[in-house]
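In: Structure, please.
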Amino acid sequence: MQEQTIRSDVTVIGGGLAGVAAAVRAARTGASVALVNNRPVLGGNSSSEVRVWVCGATAHGAQKYARETGVMGELFVENQFRNPEGNPFYWDQVVLDAVRAESNVSLFLNTDITEVDANGPDEARMIESVAGWQQGSERRLTFVSPVFIDASGDGLVGELAGAWYASGREAASVHGEEWAPEVPDGNMLGSTILFYTKDTGEPVPFIAPSMTKDVSATSITAHRRIDTAANGCDYWWIEWGGELDAVADNEAIRDELWSVVYGIWDHIKNSGEFDADTLTLEWVGSIPGKREYRRFVGDYVLTQNDIMQQTRFADSIGFGGWSIDLHPPGGMYSSDDGSKHLFTAGVYHIPFRSLYSKNVTNMLMAGRDISASHVAFGTTRVMATCAVTGEAAGAGAALAARHGITPRAVGESRIDELQQTLLRGDASLLGVPWTSADDLALRAEVSASGTLDRIAVAASDRAFAYPLSGHDLGIQLPVDPELGRVRVLVEADQPVVATMELWRTGGGENHIPVELVERVERTVPAGRSWIEAEFGYRPAMPEDAVVLVRRAEGLAVVIEPRPGPYGVLALLSRTPAQDLHRPQSNAWSAAELRRHTPVIEVEGTTGAYSAANVRGGLARPYGGPQLWSSRAMVAGASEHVELDWSARVGIGRVELVFNDDVDEDLINLHHHRTPFAVIPELVRDYRIEVCADGRWEPVVQESGNRRRLRVHHLGRTVETDALRVVVEATNGSDYATIVAVRVFE
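Out: This next block holds a predicted model:
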């Protein structure tokens, strides 16, 4: 047996999306990283071995402007381009390529960590090294680092290190949580095995293997949906083991799940209830996809109240938005619904204090083992949110290693540095402004060739009437500095009374109506006409608001089938009229009218699209779109933003953040299809120019761009007093938009 010791700044154990994001961000922050995974592929539950959709803050579109950026966002967008069919094997390669692109990451696959060398008293343990066996190479590998990240899911490293943890369900009295049980127990969310089918075009028999369960003799056929068109994660409800030990009983859980998978398929093929003669099984998973096990105790335990109240933490490092999604302990055999959901009004924040161990001084957590209650874990557990915590843990670990301090010290004395590091990487951090003193752009005056300063969407000959007999329609609008007269084009079969309302969203995280400001009624004649209201609403700070047109028989709103200015969003109510005042994001859908815009005119000018937005500030929609937008581009013409300095500066690096429409929901294995390979709002062709002696000189020329964050090393120091980014073409949008321009020596 060969023995080898690997020394690095950071060791990440676990190659799911949390571990991948942690390793990539730590490497980009300057640390040397060992990424250790006990499987032959990366991606964890999202990999081709398990094949779970990567869900996250968008909650399948329930949350608006919530798709993750940073490392997870890069994976989403790259997969969208390379893997339009949602092939799970192609997804494996997208994830692997992201890791292989980082020269600071050393990857160790098929390496199972089973030993942890830790010392110190119970309240202040410290990991010296971790070790395990690499299958295939017959090597025993020991990993030595000043900082370790447990992204293993089950939390074995932390357990062996003596880290304090919780498991099962706490009593409601512990954190004052409405959805917690009155009496604590050891129940958890169960595990799942999925399967894929295909149509061969000719009859295929199915001879059931010996383990096959007769599902017709169980409660499954009465309480769960079985469908020949379903595949993969459509069968998320094949879940079991919530009343067992997900680790100790893993083999028994796997066998029970297999018996039900083959039982469902036997039922489909041989019961006579389905048209399935030409269908066959293409793939059946062999690894239970676990949902829950250990949750380590950090300096802060995230709770249901933090989620629902959208608590804003001074040490926020990311956000989530999936519902609190809890399943019955009996899983697929339960007569209860397979899941129950509680949505917030918008996304919620996650503190750094939940990402490091309370008693193991050099261990961070990432993914489903972070410091959260069982109820809060019901939302933080989804994989894109796990990746968000992984990216933050990776950045925190790199800073701890660089400065020779503990993760707790990073949170206590260097949280600003951590947040700015995350923002520079375009991570999923909301409501925290970019303020880095190294950015020369913060000292510049910003202007543009032209700026969108009026919100108006005209009706073309393709415009159509959308009836409001069963829905209320909301129009989200940026308010900067005032929302005066608003006109909406409607149609009526006969004279009807229309109700218009103005609602606040209740915070920058939200994009649905939460707080009523004003209500007016207008009589609409038969035919097409405008309804209008003079709101005269001037908030203390720029914000988003929602103008509602209430449902009425015979009333329709005229819709233009193209996107309007970014940040103008059409919402349809999904709930009965009497329930509309519950501020839950899933009560309002943007799906039906996605990339369509109500025909509207807003009187006056808006500052929501100012060129100054590219300098500092926020890099995601939050109380407005937070970007520069041109007016609609003219074919063959270009638009630009310009930075001017009062004295010459030396420039060596320019970093651009483009708009990739974070309201567009992307799914790695395609819960739904998106009709383009590249986000249309992304700038496609552009150049960066500097002014030298009164002449503009191009220093960067790019075409075919399909990424949000672009980093350009100029290869030399360029002395200049002005710089501009010239947009020559987008990937389909009518508007040139840029989120941020950052300039460094």
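In: buried ones in stretch 667-685?
Out: For stretch 667-685, the neighbour count (16 or more other CB atoms under 10 Å) marks 667-671, 678-685 as buried. C-beta: built from backbone N, CA, C; applies to glycine.
In: hang on, isn't A456 packed against I600?
Out: Yes - between A456 and I600 there is a contact at 6.9 Å, judged by CB atoms under 8 Å.
In: more crowded one of the two?
Out: I600 (23 against 14; other CB atoms under 10 Å).
In: For the protein, which segments count as helices?
Out: Using DSSP state H, the helices of the chain run over 17-28, 70-82, 88-100, 156-161, 172-175, 220-223, 250-270, 304-309, 374-380, 383-403, 407-413, 415-424.
In: Please identify the most buried of those helices.
Out: For the helices of the chain, average neighbour numbers computed from mean count of other CB atoms under 10 Å are highest in helix 17-28, which has a mean of 32.
In: what angle do that one and helix 70-82 make?
Out: Angle, helix 17-28 to helix 70-82, by axes from the mean of the first three to the mean of the last three CA atoms, to 10 degrees: 110 degrees.
In: And helix 17-28, what does it pack against?
Out: Counting by 3 or more CB pairs under 8 Å, 6 or more residues apart in numbering; DSSP states H and E, the packing neighbours recorded for helix 17-28 are strand 10-13, strand 33-36, helix 70-82, helix 88-100, strand 105-108, strand 147-150, helix 383-403.
In: Of the helices of the chain, which is nearest L42?
Out: Closest approach to L42 among the helices of the chain is made by helix 88-100 (4.7 Å; CB to CB).
In: From the chain's centre, how far out is the closest one? Work that out for me.
Out: 18 Å (CA atoms, centre = their mean, to the nearest Å).
In: which ones are touching the residue nearest to F143 when sequence neighbours are not counted?
Out: Nearest residue to F143, sequence neighbours excluded (CB to CB, 6 or more residues apart in numbering): T11, at 4.5 Å. Contact partners of T11, counting by CB atoms under 8 Å, 6 or more residues apart in numbering, are 33-34, 36, 130, 143-145, 147-149.
In: Would you mind writing the PyMOL command to select the buried ones in those?
Out: Here is the PyMOL command that selects only those of these that count as buried (16+ other CB under 10 Å):
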select buried, resi 33+34+36+130+143+144+145+147+148+149
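In: Out of the contacts of T11, flag the one nearest to R631.
Out: V33 (45.1 Å).
In: what are the bridge partners for the closest one, then?
Out: Beta-bridge partners for V33, by DSSP bridges, are V10, V105.
In: my read: it touches I13, true?
Out: No - with contact taken as CB under 8 Å, V33 and I13 are classed as non-touching, separated by 11.4 Å.
In: and stretch 94-108, how far apart are its ends?
Out: End-to-end distance of stretch 94-108 (CA to CA, to the nearest Å): 17 Å.
In: Which residues outside it are in contact with it?
Out: 6, 8, 15, 17, 20, 23-24, 26-28, 30-37, 41-43, 46-47, 71, 74-75, 78-79, 82-83, 134, 141, 668.
In: Return the mean pLDDT over that stretch, rounded to an integer.
Out: In this model, stretch 94-108 has a mean pLDDT of 98.
In: For the closest residue to D277 other than its chain neighbours, what are phi and psi?
Out: In space, and not counting its chain neighbours, D277 is closest to P203: 4.7 Å by CB to CB, 6+ apart. For P203, the backbone dihedrals (degrees, to the nearest 10) come out as phi -60, psi 140.
In: Which phi and psi values does the nearest residue to Y293 once chain neighbours are set aside adopt?
Out: Nearest in space to Y293, with sequence neighbours left out and distances taken as CB to CB, 6+ apart, is D154 at 4.5 Å. For D154, the backbone dihedrals (degrees, to the nearest 10) come out as phi -70, psi -20.
In: can you count the residues close to D154?
Out: By other CB under 10 Å, 18 other residues sit near D154.
In: so who does it touch?
Out: D154 makes contacts with 246-247, 290, 293-294, 369, as judged by CB under 8 Å, 6+ apart.
In: ok, now G554?
Out: 469, 492-494, 496.
In: Same check on G411?
Out: Counting by CB under 8 Å, 6+ apart, G411 makes contact with 299, 315, 352-353, 356, 396, 418.
In: Can you mark which positions in stretch 468-480 are buried?
Out: 468, 471-480.
In: Nearest to S335, out of the residues you listed: which one, please.
Out: Closest to S335, out of all of the buried residues of stretch 468-480 and judged by CB to CB, is H471, at 32.8 Å.
In: quick one: the closest one from S589, how far?
Out: Using CB to CB, to the nearest Å, we find H471 at a distance of 9 Å from S589.
In: Need the overlap of contacts for these two.
Out: Shared contacts of H471 and S589, defined by CB under 8 Å, 6+ apart, comprise 572-573.
In: one step back: just the ones in strands from the buried residues of stretch 468-480, please.
Out: Here DSSP state E is the test, and those give 473-479 as lying in strands.
In: Output the below-cut-off pLDDT ranges for this protein.
Out: 576-582 (pLDDT under 70).
In: what domains does the record give for it?
Out: Domain assignment for the chain by automatic domain parsing gives 2-169+292-424, 191-284, 440-451+609-744, 456-602.
In: closest one to E182 among these?
Out: If we rank those by CB to CB, the stretch that ends up nearest is domain 2-169+292-424, at 10.4 Å.
In: nearest residue to G320 other than its sequence neighbours?
Out: Nearest one to G320, counting by CB to CB, 6+ apart, is T385 at 4.2 Å.
In: isn't the one you found right up against D325?
Out: No - T385 lies out of contact with D325 (CB under 8 Å); the separation is 11.3 Å.
In: who touches both of these two?
Out: By CB under 8 Å, 6+ apart, T385 and D325 have these common neighbours: T379.
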